[in-house]
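Asks: Build me a model:
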Amino acid sequence: MAIHGKDSGTVILYEDEMTSQLTPTLTRMWSLRKHQPEPGMWVGTSQKTHVFGAIHTRTGQFISMQADWINAGSFVRFLRKIKSCYTRKKVIIILDNARWHKAKKVGRVIDKLGIRFVFLPPYCPMMNPVEKVWKLYRMNVTHNYFHAQLSRMIKATANFFRSLRHSYAQLASYC
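Replies: Okay, here's the model as predicted:
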């Protein structure tokens, strides 16, 4: 879905959130015959990190922020981070219908920041290119990989999103 701002004073972004648990996500992988790898497992833990992400539809620039919670307060912090990257631009954000996106607190902040929301149809994650970034993240950080401590997973997450700076052209192709 190609949506790009024709006006150079307008920035269009897709936004989404993701939660990553300390327990590794399992997926298929190559291995030697009769030597199936066994990633470690945390049983009974609910330790996790949350990530907000937004992708610029034209350049592929990816802005991310880790948070302890996904709620209206952390979403507002992320909106302020986005606006700080585009201080002199009109910002349009395409996003899903999560309840924190529609909180009164968020409505007041977007009015002050001059951000406009465009909501995707309900239950259509395939229309949001940020979902492809989450898939790439899981392939590189959590699939079949055991992080012994939450702090290590948080560091690996930060390193992954930092590494995306070299992949903006690839990310732009997702839009």
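
Asks: contacting residues around residue 17?
Replies: 50-53, 70, 75, 98 (CB atoms under 8 Å, 6 or more residues apart in numbering). Yep, even glycine has a C-beta here, placed from its N, CA and C like the rest.

Asks: What residues of the one helix or strand in the chain whose mean pLDDT sits lowest count as buried?
Replies: Counting by mean pLDDT, DSSP states H and E, the chain has its least confident helix or strand at helix 168-174, which shows a mean of 86. Within helix 168-174, the residues scored as buried using 16 or more other CB atoms under 10 Å are 171-172, 174.

Asks: Distance to residue 124 added to those residues, as CSV?
Replies: CSV is the format used below for those (distance: CB to CB, whole Å):
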residue, distance to residue 124
171, 20
172, 21
174, 15
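
Asks: How far off centre is the least confident helix or strand of the chain?
Replies: What separates the centre of helix 168-174 from the centre of its chain is 14 Å, taken as CA atoms, centre = their mean, to the nearest Å.

Asks: Counting residues, name the longest strand you see in the chain.
Replies: In the chain, taking DSSP state E as the definition, the longest strand is strand 10-21.

Asks: and that strand, which strands flank it?
Replies: According to DSSP bridges, strand 10-21 has the following sheet partners: strand 48-56 (antiparallel), strand 90-95 (parallel).

Asks: where in the chain is pLDDT low?
Replies: Applying pLDDT under 70 to the chain flags the ranges 1-7, 23-32, 34-45.

Asks: For it, just list every one of the helices.
Replies: Remark: helices assigned in the chain by DSSP state H are 72-85, 104-113, 130-137, 150-163, 168-174.

Asks: What is the neighbour count of residue 97?
Replies: Other residues near residue 97 come to 12 when the count uses other CB atoms under 10 Å.

Asks: end-to-end on stretch 160-169?
Replies: For stretch 160-169, the first-to-last residue distance is 16 Å (CA to CA, to the nearest Å).
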